[in-house]
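Trainee: curious how this folds, go ahead:
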Amino acid sequence: MLPLSAMLSQAFVAFVIEFDNEFEQRVPHRTTEDKTGSHVRGGPWLGSMAMWVKFLRFVPVIGGITIREFAVRSKLGRRELRPWLRRLSRWGYLLIERTSEAKGDWLCT
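Mentor: As a prediction, this is how the structure comes out:
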């Protein structure tokens with residue numbers, strides 16, 4: 001019989017695979033190429049459970065979140081957060097825009 005950690009590991013891997021499969025079915029996304037070999041436009045880049053757990057769960061559906069609050073919730077330092085914000089924006093997951101010139105606040109939606 002397998003140890004408990006091995007059985008839980010197998011269950012977790014199966015869960016992550018099913019989670020990602022459901023995500024692909026339900027959420028509009030794009031990947032490198034479609035079946036005809038042409039690039040697909042529209043929707044964010046194909047994501048995963050890791051992307052959801054680490055970043056996207058902190059962004060509310062309505063209203064967005066300030067970058068300052070996003071950093072607090074995600075527990076990322078400024079230096080670590082900046083490249084991830086660029087990637088998330090480039091991949092189409094976040095729209096980053098300035099909320100006011102005076103405050104210098106930025107909003108992730």
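Trainee: show me the contacts for R26.
Mentor: Residues near R26 by CB atoms under 8 Å, 6 or more residues apart in numbering: none. C-betas here are computed from N, CA, C, even on glycine.
Trainee: for V13, see how far away it is.
Mentor: 21 Å (CB to CB, to the nearest Å).
Trainee: again, but for F58
Mentor: Going from F58 to V13 by CB to CB gives 25 Å.
Trainee: so if I had to pick from those two, which one is more boxed in?
Mentor: Ranked by neighbour count (other CB atoms under 10 Å), F58 and V13 place F58 first, with 16 against 10.
Trainee: got a list of what that one touches?
Mentor: Under the criterion of CB under 8 Å, 6+ apart, the neighbours of F58 are I65, F70, R73, S74.
Trainee: just the CA trace of the longest helix anywhere in the chain, in CSV.
Mentor: Secondary structure of the chain per DSSP state H: the longest helix is helix 4-26. Listed in CSV are the C-alpha atoms of helix 4-26, where the atom choice follows Å, rounded to 0.1, in the frame of the first residue of the first chain:
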residue,chain,number,x,y,z
LEU,A,4,-0.7,8.7,2.5
SER,A,5,1.5,11.4,1.0
ALA,A,6,1.8,9.5,-2.3
MET,A,7,-2.0,8.9,-2.5
LEU,A,8,-2.7,12.6,-1.7
SER,A,9,-0.1,13.6,-4.3
GLN,A,10,-1.9,11.5,-7.0
ALA,A,11,-5.3,13.0,-6.0
PHE,A,12,-3.9,16.6,-6.2
VAL,A,13,-2.3,16.0,-9.6
ALA,A,14,-5.6,14.6,-10.9
PHE,A,15,-7.5,17.6,-9.4
VAL,A,16,-5.1,20.1,-11.1
ILE,A,17,-5.5,18.4,-14.5
GLU,A,18,-9.3,18.4,-14.2
PHE,A,19,-9.3,22.1,-13.0
ASP,A,20,-7.2,23.1,-16.0
ASN,A,21,-9.3,21.1,-18.5
GLU,A,22,-12.5,22.8,-17.1
PHE,A,23,-10.8,26.2,-17.3
GLU,A,24,-10.0,25.6,-21.0
GLN,A,25,-13.6,24.6,-21.7
ARG,A,26,-15.3,27.5,-19.9
